[in-house]
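Enquirer: Sequence plus predicted model, see below.
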Amino acid sequence: MTILARPLHPLFAAELAGLDLHAPADAARIAEVKRLMDIHAVAVVHHDRTLTDAEHIAFSDRLGPIERRPILKVSGATDALRVPHHEIIDQSNLDETGAIYRDDDRRLFFKRANRQWHTDMSFHPVRATYSLLSAHEVPPDGAAPTEFADMRAAYDALPAAMKARLDGLVAAHSYWHSRVLGGGPAPTEEELRSRPPACHRLVHTHPGSGRKALYLASHIAGIVGMAEAGARSLLAELTAFATDRRFVYSHAWRVGDVVIWDNLATMHRATPFDDCNVRRDMRRTTCREAEVPV
Ligand code: OGA
Ligand code: MN
């Protein structure tokens, strides 16, 4: 079946009708999805039936290269995984027994840090390309939507003087920076060592579309060669500009939805909900710019 892209926002984001991620995808289909992703940057795919973990991994692997590293162990958490696949990041508020986290669970604080605008894995030297988030269980009434902002459109709209100022700037991204900013506990020594910061240009040319885009995230801890206060105010100004409502698409989830976003063209954030009482089971795979040895 041909894929029909139905725009969800004036600037970006489309529902891809005619795409069924349960079905194996051949090379032509994958090429078409990538072509549409280069245009729309966020794709919503509805399904009546939730993807199995195996189907989710299989499709992501075709988009690839998929991230397979064992997920980060949060200090104090058990080794047991609720979702027993190293390719899947468990973005739920559920512990390894399937129960909602107790409100003092460290993992809950780390999850809440996703409520800051970010791109996935920018704290890694090999950046994430696509993320694929699959909805297994969602709060009622469309609560806890995920918001996306178009970093290409935001860059285009910047005043020329700001574009000139950003030219060549390099930012240092740290996972722990955003966790602490988001109200999380200070990282342990072991956690700090497990994810050192990574540097990336603040403005880059998107490899698929050739468009310039901001590469921003709450993970940014500083700008190389810039004093801390100056960097902080520049980042705050840029983030406020780039996440203005005109650049934002908000996705209200239905069970079975898979949203694919391009981390090199967008930022995203989770939104608050009653996470100590209401279940939300979301599972993510991530693709990378290049294969990274496990
Ligand atoms: C993610 C993420 C937001 C959400 O999976 O990377 O940021 O709404 N999720 O769960
Ligand atoms: Mn994320």
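Expert: Good, I have the coordinates. Ligands and ions are numbered 1, 2, ... in the order given.
Enquirer: Quick one: the helices in the stretch 101-250 of the chain, in order.
Expert: 106-112, 151-157, 160-166, 175-181, 189-194, 228-242 (DSSP state H, counting those that start in this stretch).
Enquirer: what helices or strands is the second one leaning on?
Expert: Spelled out, it's helix 151-157. strand 212-214, helix 228-242 (3 or more Cβ pairs under 8 Å, 6 or more residues apart in numbering; DSSP states H and E). Glycine gets a C-beta too; all of them are placed from N, C-alpha and C.
Enquirer: Name the residues of that helix that come out as buried.
Expert: By neighbour count on 16 or more other Cβ atoms under 10 Å, the buried set for helix 151-157 is Met151, Arg152, Ala153, Ala154, Tyr155.
Enquirer: wait, isn't the second one in contact with Thr205?
Expert: Spelled out, that is Arg152. No. In terms of Cβ atoms under 8 Å, Arg152 does not count as a neighbour of Thr205; the distance is 10.1 Å.
Enquirer: For Pro197, which non-adjacent residue is spatially closest?
Expert: Closest residue in space to Pro197, ignoring its immediate chain neighbours: Ser174 at 4.0 Å, by Cβ to Cβ, 6 or more residues apart in numbering.
Enquirer: Quickly note the distance from the closest residue to ligand 1 within the stretch 51-200 of the chain to Pro125.
Expert: Closest residue of the stretch 51-200 of the chain to ligand 1, Cβ to the nearest ligand atom: Thr146 (3.6 Å). Plainly put, Thr146 is 26 Å away from Pro125 if you go by Cβ to Cβ, to the nearest Å.
Enquirer: the more surrounded of the two?
Expert: Neighbour totals were compared for Thr146 and Pro125, and Thr146 leads with 22 against 15 (other Cβ atoms under 10 Å).
Enquirer: pLDDT at the more buried one, what is it?
Expert: Here the pLDDT value assigned to Thr146 is 98.
Enquirer: Up against ligand 1, what does the stretch 151-294 of the chain have?
Expert: Counting by Cβ under 6 Å from any ligand atom, the stretch 151-294 of the chain comes close to ligand 1 at His268, Ala270, Met282, Arg284.
Enquirer: pretty sure Thr285 contacts Asp90?
Expert: No. The criterion here is Cβ under 8 Å, and Thr285 misses it with Asp90 at 11.3 Å.
Enquirer: ok, those two, which is more surrounded?
Expert: Neighbour totals were compared for Thr285 and Asp90, and Thr285 leads with 27 against 20 (other Cβ under 10 Å).
Enquirer: any residues in contact with both of Arg152 and Thr205?
Expert: Arg211, Lys212, Ala213 (Cβ atoms under 8 Å, 6 or more residues apart in numbering).
Enquirer: Could you measure from the last one over to Ala240?
Expert: As judged by Cβ to Cβ, Ala213 and Ala240 stand 17 Å apart.
Enquirer: higher neighbour count, the two?
Expert: Ala213 (23 against 10).
Enquirer: Please tell me how far the more buried one sits from His219.
Expert: Ala213 is 16 Å from His219, by Cβ to Cβ.
Enquirer: same thing with Lys34?
Expert: 25 Å.
Enquirer: More neighbours: the two, which one.
Expert: Legend: neighbour count by other Cβ under 10 Å for Lys34 and His219, higher for His219 (28 against 14).
Enquirer: For Lys111, see how far away the more buried one is.
Expert: 15 Å.
Enquirer: hang on, isn't Asp257 packed against His47?
Expert: Yes. Between Asp257 and His47 there is a contact at 7.1 Å, judged by Cβ under 8 Å.
Enquirer: For the closest residue to Asp20 other than its chain neighbours, which residues are in contact?
Expert: For Asp20, ignoring the flanking residues on the chain, the nearest one in space by Cβ to Cβ, 6+ apart is His47 at 7.0 Å. Listed by Cβ under 8 Å, 6+ apart, the contact set of His47 reads Asp20, Leu21, His22, Gly256, Asp257, Val258.
Enquirer: For the residues you listed, pick the one with the most neighbours.
Expert: Ranking those using other Cβ under 10 Å puts Val258 first, with 24 neighbours.
Enquirer: That one pairs with what?
Expert: Residues in a beta bridge with Val258, per DSSP bridges, are Val45, Ser134.
Enquirer: Likewise for the one 4 residues further on?
Expert: Beta-bridge pairing of Asp262, defined through DSSP bridges, involves Tyr130.
Enquirer: Can you verify my assumption that it contacts Tyr130?
Expert: Yes. Assessed by Cβ under 8 Å, Asp262 is found in contact with Tyr130 at 5.9 Å.
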